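Participant: sequence? don't have it. structure:
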């Protein structure tokens, strides 16, 4: 298994540090005005991992981050309103959030934690009411995305969102065509956390390494 370079490790950590510091600081300032008690949505820490350690992941794209958190917060708020702070409420909130994110093509794993927070927070949620969905959740999600765009943009190899990355020339493969990859991805009945472009890049690197080692690509059966 390939280990990431020290540069990537440091950049990922620095990005997470800057983003969470900014979100925490601004949220606390605004909450002082609201006299609220829930200082920060902890699930933003998990979002930071995706945004700065895996910025090309389909799960880390802006639609996934913002919509994933918003819909999960709304579902969690509703579960708490109807079912209180029970174990059933927590299960309903997270289960419905997963299904909703999947249906909206907005899968974002930290959204599961966001859905559970209203149930866990209990009385602290009364300071917000329905505003909780937009602040601190929506506010934090949008701010995290904006910071990730600004932080990663000067770094061409890790620009965010993925569509801002410089396009790579479409290579020709001796055994597997682009259409083959598309058909294979379409035939997998589950979510695959890798983009078509990244999968093609992995294949190109693998065949290049195979050629350098003196082997010949295997023919398709």
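Facilitator: Thanks, I have it. All figures in this text were calculated on a predicted structure; none of them were measured in a lab.
Participant: in the longest helix seen in the chain, what's buried?
Facilitator: Ranked by residue count and defined by DSSP state H, the top helix of the chain is helix 6-34. Buried residues in helix 6-34, counting neighbours by 16 or more other CB atoms under 10 Å, are found at 11, 12, 15, 16, 18, 19, 20, 23, 24, 27, 31. For glycine as for every other residue, the C-beta is placed from the backbone atoms N, C-alpha and C.
Participant: quick one: which of these is nearest residue 82?
Facilitator: residue 31 (26.0 Å; CB to CB).
Participant: in this structure that closest one contacts residue 136, no?
Facilitator: Yes. Counting by CB atoms under 8 Å, residue 31 touches residue 136, with 7.4 Å between them.
Participant: how near is residue 165 to residue 55?
Facilitator: Summarising the geometry, the distance separating residue 165 from residue 55, computed by CB to CB, to the nearest Å, is 9 Å.
Participant: so what sits against both of these two?
Facilitator: Between them, residue 165 and residue 55 share these contacting residues under CB atoms under 8 Å, 6 or more residues apart in numbering: 158, 159.
Participant: okay, these two: which has more neighbours?
Facilitator: For the pair residue 165 and residue 55, the greater number of neighbours falls to residue 55 (24 against 16), based on other CB atoms under 10 Å.
Participant: ramachandran angles for the closest residue to the more buried one other than its chain neighbours?
Facilitator: If you skip the residues right next to it in sequence, residue 55 has residue 160 as its closest partner in space, 4.1 Å away by CB to CB, 6 or more residues apart in numbering. Taking degrees, to the nearest 10, you get phi -130, psi 140 for the backbone angles of residue 160.
Participant: ok, residue 147 - contacts?
Facilitator: For residue 147, the contacting residues are 15, 18, 19, 22, 23, 51, taking CB under 8 Å, 6+ apart as the criterion.
Participant: roughly how far does it sit from residue 131?
Facilitator: 22 Å.
Participant: and which of the contacts of residue 147 is nearest to residue 85?
Facilitator: Relative to residue 85, and with distances defined as CB to CB, the nearest of the contacts of residue 147 is residue 23, at 25.6 Å.
Participant: pLDDT wise, what is residue 41 at?
Facilitator: Looking at residue 41, its pLDDT stands at 75.
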